[in-house]
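1. Return atomic coordinates for the entry below.
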Amino acid sequence: MTTNGWLQIILFSLIIFAITKPLGGYMTRVFDGERTFLSPLLRPLEHLVYRVCAIDEKEDQHWLTYAFAMLIFSIAGFLTLYALQRLQALLPFNPQQLPAVSEHLAFNTSVSFVTNTNWQSYVPEATMSYLVQMAGLTVHNFVSAATGVALAVALVRGFSRRSAKGVGNFWVDLTRCTLYLLLPVSVVVALFFVWQGVPQNLNPYVGATTLEGIKQVIAQGPVASQEVIKLLGTNGGGFFNTNSAHPYENPTALTNFVQMILIFSIGAGLTNMFGRMVGNQKQGWAIFAVMSLLFLGGVTTVYWAEASDNPSFTKLHIDQTPSPRQAGGNMEGKDVRFGIASSALFVTVTTDASCGAVDAVHDSLMPLGGLVPMFNMMLGEIIFGGVGSGLYGMLLFAVIAVFVAGLMVGRTPEYLGKKLESKEVKMAMLAILVLPLSMLGFTALAVVLPAGLAGPGNAGPHGFSEILYAFVSTTANNGSAFAGLTANTLFYNTTLGLAMFIGRFMMIVPMLAMAGSLAAKKIVPPSAGTLPTDGGLFVGLLIGVVIIVGGLTFFPALALGPIVEHLAMVAGTLY
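-> Numbering: from 1, shown residues only. Below you'll find the model as predicted:
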């Protein structure tokens, strides 16, 4: 580990802290329907959307209506994206004359982008036409992200409202998030990416001859417009197979740093929006503190693991000391443009959020370096998390934490003035426990069936980790992978698609039910026995609950994969 590496991590953390409050204030005004500096430009367009789509802006939907609208919108998105892929060969903007996508891959990809996962079992530049990339994948990068933010806002309204029947209007929240938040940032940053060297065109691929005389096809296309929303919306699906390690997606160290800022920005801002909407910004900062401490613990572990000597090289007496001539540590699978510190930071950020974009090969991480991103996703990606999903996931854990505290003192738990009764706790636990059911259930299925065992590129613990990582990533709606797994098969496209569906919708519906129940409750004033939830005691309690409930549930699976692999490597029996 180097001073330069730590300075990168510290600078990143300071920037995220600095943008949290202003971004949170802006989002609060947007979702409360207040005037913003973009209102003169975007308000007429917003009204036009409502008029064309017959949306009543003032309608306050019951949680069931809100959930039904979200599910219908997602189903329609799935069907249209599936049709685009299956009809790709007949549609325009296909200069490479790419054929139609197979049935099972089209199913997997449609579920993937509708659920904000962006798992890719294919090589994008050799599979998807420009039309599918733009009208299919990029559009869903926007609307799936906006859906996640809308759901988080609905839950926050459940805490902030008193004796209310509704939790907002899904169509209004979806429209405002897209128009006022995602589109303006995407336009500005896309132009920045173009300036840095990211392509944005509709030209056919270019042929070139290398110095060795080898013919090479150089893919290009409308990359910048998809790149920015893949990061801002924590989607993660790349235009190219190597994702953010590709120089056309991520050409410079500056774009690499900006990409990481984009991944965390909305998730961090939502914590401040939460505090403002419930009338106490300290509540938001408490959630921010929990996320920050978990993030710093993760990035420190990954950086230490990747910067340390590889035991397999040590016994060969290979010099692994950092110097002006070598980075030291484990550089396998990392881009020399970014180095170990920046790669470790990206690994942590992209798996803390449900992004899945990568600038290094996660399959090449050291065992403990690979354990951290897997553990981040096993928690439900609540460390800033996906846009919206990170906040509502953390609030589910907050409900459990307050319930645990209530059991300790023998009184009805309260959170933000709302008494938490059996219904709220049951819905929170149901939403949380559906994740290990999918992660471990599908992994168990894959390791006993021949179709599942045909996927890993490695044997032993690391092969198990490849399978486990895939189902953890898809259930958590992350989309990154241990790239050694061959996943473009009928078995994996189907099971991973089901895991993505379960991880998204079977968590959302119980959460919305809890939001509706909370919105109907009265707000009671705090008493002498009320647990303060805006201070250090609650921060520590919440971290403990997250680690115990979210972490130890999955510990047996972790022990079978990365931990055994680490011990074997240290013992010199692996690699």
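2. Next one: the most centrally placed residue in the chain from P204, what distance?
-> The residue lying closest to the centre of the chain (Cα atoms, centre = their mean) is S354, at 1.0 Å. According to Cβ to Cβ, to the nearest Å, S354 stands 34 Å off from P204. Just so you know, the C-beta spots here come from the backbone N, C-alpha and C atoms, and that holds for glycine as well.
3. Using the three-state scheme, assign the residue lying closest to G267 once chain neighbours are set aside.
-> Among residues not flanking G267 along the chain, F384 sits closest, at 3.6 Å (Cβ to Cβ, 6 or more residues apart in numbering). Three-state call for F384 (DSSP: H, G, I helix; E, B strand; the rest coil): coil.
4. Could you double-check that F384 lies in contact with A353?
-> Yes. Using Cβ atoms under 8 Å, F384 is in contact with A353, at 5.5 Å.
5. so what's in contact with those two at the same time?
-> Each of 264, 267, 390 lies in contact with both F384 and A353 under the rule Cβ atoms under 8 Å, 6 or more residues apart in numbering.
6. Tell me which helix or strand the last one sits in.
-> In this case it means G390. Assessed by DSSP states H and E, G390 sits inside helix 389-409.
7. With the first one instead?
-> According to DSSP H and E, F264 maps onto helix 253-277.
8. So which elements touch that helix?
-> helix 3-31, helix 139-160, helix 183-196, helix 223-232, helix 281-307, helix 339-352, helix 389-409 (3 or more Cβ pairs under 8 Å, 6 or more residues apart in numbering; DSSP states H and E).
9. Take these and write them to JSON lines, including distance to P99 and mean pLDDT.
-> JSON lines is the format used below for the helices and strands packed on helix 253-277 (distance: least, Cβ to Cβ, whole Å; pLDDT from 0 to 100):
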{"stretch": "helix 3-31", "distance to P99": "42", "mean pLDDT": "94"}
{"stretch": "helix 139-160", "distance to P99": "22", "mean pLDDT": "93"}
{"stretch": "helix 183-196", "distance to P99": "29", "mean pLDDT": "95"}
{"stretch": "helix 223-232", "distance to P99": "21", "mean pLDDT": "93"}
{"stretch": "helix 281-307", "distance to P99": "40", "mean pLDDT": "93"}
{"stretch": "helix 339-352", "distance to P99": "31", "mean pLDDT": "92"}
{"stretch": "helix 389-409", "distance to P99": "34", "mean pLDDT": "88"}
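10. So which of these is nearest G457?
-> helix 339-352 (19.4 Å; Cβ to Cβ).
11. Can you name the element that comes right after that closest one?
-> Next along from helix 339-352, by DSSP H and E: helix 367-378.
12. Counting by contacts, list what that following helix packs against.
-> helix 281-307, helix 339-352, helix 422-446, helix 460-475, helix 555-558, helix 564-570.
13. in that helix, what's buried?
-> Applying a neighbour-count criterion of 16 or more other Cβ atoms under 10 Å, one finds 367-378 buried in helix 367-378.
14. ok, P251 - contacts?
-> P251 sits in contact with 196-198, where contact means Cβ under 8 Å, 6+ apart.
15. State the distance from G328 to I15.
-> 27 Å.
16. re the thing from before, the contacts of P251, buried ones only, as a PyMOL selection?
-> The following PyMOL line selects those of the contacts of P251 that are buried, judged by 16+ other Cβ under 10 Å:
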select buried, resi 198
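17. Put together a markdown table for the contacts of P251, with distance to K282 on each row.
-> Converted to a markdown table, the contacts of P251 look like this (distance: Cβ to Cβ, whole Å):
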| residue | distance to K282 |
| --- | --- |
| Q196 | 39 |
| G197 | 43 |
| V198 | 40 |
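18. got the angle for the helix holding G390 vs helix 339-352?
-> Angle of helix 389-409 versus helix 339-352, following axes from the mean of the first three to the mean of the last three Cα atoms, to 10 degrees, is 70 degrees.
19. Only alpha carbons, please: show helix 389-409 as CSV.
-> Output of helix 389-409 as CSV, limited to C-alpha atoms (Å, rounded to 0.1, in the frame of the first residue of the first chain):
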residue,chain,number,x,y,z
SER,A,389,-32.4,0.1,-3.5
GLY,A,390,-29.5,1.0,-1.2
LEU,A,391,-31.5,3.3,0.9
TYR,A,392,-34.6,1.2,1.2
GLY,A,393,-32.5,-1.9,1.9
MET,A,394,-30.7,-0.1,4.7
LEU,A,395,-34.0,1.2,6.1
LEU,A,396,-35.2,-2.4,6.2
PHE,A,397,-32.2,-3.2,8.4
ALA,A,398,-32.9,-0.1,10.5
VAL,A,399,-36.4,-1.5,11.3
ILE,A,400,-34.8,-4.8,12.4
ALA,A,401,-32.2,-2.9,14.5
VAL,A,402,-34.9,-0.9,16.3
PHE,A,403,-36.9,-4.0,16.8
VAL,A,404,-33.9,-5.8,18.4
ALA,A,405,-33.4,-2.7,20.7
GLY,A,406,-37.0,-2.8,21.7
LEU,A,407,-36.7,-6.5,22.7
MET,A,408,-33.7,-5.6,24.9
VAL,A,409,-35.7,-3.1,26.9
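20. The residue lying farthest from the centre of the chain: what secondary structure?
-> Using Cα atoms, centre = their mean, the residue of the chain lying farthest from its centre is G213. It sits 41.7 Å away. For G213, the assignment made with three-state DSSP gives coil.
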